[in-house]
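K.L.:
sequence-free structure coming up:
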């Protein structure tokens, strides 16, 4: 069963992998997970694979060698590619938003 559109692929081999570190998000549309989080916020990533084509399910993207879906919201599915628990104040706000959505 396929829950989300798109394909997960390895990040390009011309960049250091795994991608570990802080990156900013590029907001594509309004997001309940990102409510109250500034446009310049950084989040902590640790991955080698990503959804490179999310068929418009992504609300925010990031980039490491190529653009990839960083935040996806579709119906009752909310997902992030980064580690919110390691992402400081922005990550804490995202987790608060998630708990509000889930309540």
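P.N.:
Arrived safely. Only a predicted model underlies this, so the values are computations on that prediction, with no experimental measurement involved.
K.L.:
From residue 103, how far out is the residue most central in space within the chain?
P.N.:
Closest to where the C-alpha atoms of the chain average out (CA atoms, centre = their mean) is residue 70, at 2.0 Å. Counting by CB to CB, to the nearest Å, the gap from residue 70 to residue 103 is 24 Å. To be clear about C-beta, it is placed using only N, CA and C from the backbone, and glycine gets the same treatment.
K.L.:
my read: the residue nearest to the centre of the chain touches residue 64, true?
P.N.:
No: applying CB atoms under 8 Å, one finds residue 70 not in contact with residue 64, separated by 10.1 Å.
K.L.:
what is in contact with these two at once?
P.N.:
Contact criterion CB atoms under 8 Å, 6 or more residues apart in numbering; residues shared by residue 70 and residue 64: residue 23.
K.L.:
Give the residue spans of the chain that score low on pLDDT.
P.N.:
1, 54-55 (pLDDT under 70).
K.L.:
what about the strands in it?
P.N.:
Remark: strands assigned in the chain by DSSP state E are 7-10, 19-24, 26-27, 42-47, 49-53, 58-63, 67-74, 77-80.
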